[in-house]
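> return a 3D structure for these sequence lines:
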Amino acid sequence: MATSGWRGLLFGLGTALSFSISPIFIRHGLADLPSPLLGVTVGMVASTLAFGVLLLFRRNHAPAEPIPRQALMLQLAAGILVGLSTWARWLALDMAPVGVVLALGRLNVPVVILLSPLLVGQQLERVNLRVWLGAGLIVIGSLVLSYYG
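Just a heads-up that it's a prediction; the model follows:
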């Protein structure tokens, strides 16, 4: 289901806001918690609870189709990798300035754009000049914030 209009815009802006303010909470958490792993655990529990609340209010309550085993294994692997990368991000924020970590973290955008057509196929992931321009602006914006912010 494609979401368009103001609702879709709000979801996009909400995601951008969450990504932009999360390092602030991480930095404060690192100051108060004895271990970055504990901070990741607290963050994951909070995210899981928030997602659970959202699921309670979803509109479509149709029974889910069974998920193929291969898809489950890929999702499990992705979840483990995301967990490890989140932990690594917390460690990086504990050791380096927030701006540097954010600027390096935004390099994931061009990497994902480069690799996604190879993984899912070009018919599903259409990368064009407009997408690359957006990726460039994201990286440039993070560098500007890092060096001048």
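> how is this structure divided into domains?
Domain assignment of the chain by automatic domain parsing yields the ranges 8-56+69-95, 97-149.
> would you turn the ones you listed into TSV with mean neighbour count?
(C-beta placed from N, C-alpha, C; glycine too.) Output for the domains of the chain, formatted as TSV (neighbours: other C-beta atoms under 10 Å):
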stretch	mean neighbour count
domain 8-56+69-95	12
domain 97-149	13
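> is it possible to get a markdown table of these that adds mean pLDDT?
Listed next are the domains of the chain as a markdown table, based on pLDDT from 0 to 100:
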| stretch | mean pLDDT |
| --- | --- |
| domain 8-56+69-95 | 78 |
| domain 97-149 | 81 |
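> which other helices and strands contact the strand or helix carrying residue 135?
Per DSSP states H and E: residue 135 is located in helix 129-148. Here helix 129-148 touches helix 98-105, helix 108-120, going by 3 or more C-beta pairs under 8 Å, 6 or more residues apart in numbering; DSSP states H and E.
> tell me which helix or strand comes right after the host helix or strand of residue 50.
Assessed by DSSP H and E, residue 50 sits inside helix 36-56. Later in the chain than helix 36-56, the nearest helix or strand by DSSP H and E is helix 69-95.
> so which of the helices and strands packed on helix 129-148 is nearest residue 65?
helix 108-120 (19.8 Å; C-beta to C-beta).
> now for the closest one, which elements pack on it?
helix 129-148.
> could I get the helices and strands packed on helix 129-148 as a markdown table with distance to residue 11?
Converted to a markdown table, the helices and strands packed on helix 129-148 look like this (distance: least, C-beta to C-beta, whole Å):
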| stretch | distance to residue 11 |
| --- | --- |
| helix 98-105 | 21 |
| helix 108-120 | 18 |
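> so for residue 32, which of these sits nearest?
With C-beta to C-beta as the measure, helix 98-105 is the member of those nearest residue 32 (15.8 Å).
> against which helices or strands is that closest one packed?
helix 5-32, helix 69-95, helix 129-148.
> now do it against helix 129-148, angle only.
Counting by axes from the mean of the first three to the mean of the last three C-alpha atoms, to 10 degrees, helix 98-105 lies at 160 degrees to helix 129-148.
> to the chain's geometric centre, what's the distance from helix 98-105?
14 Å (C-alpha atoms, centre = their mean, to the nearest Å).
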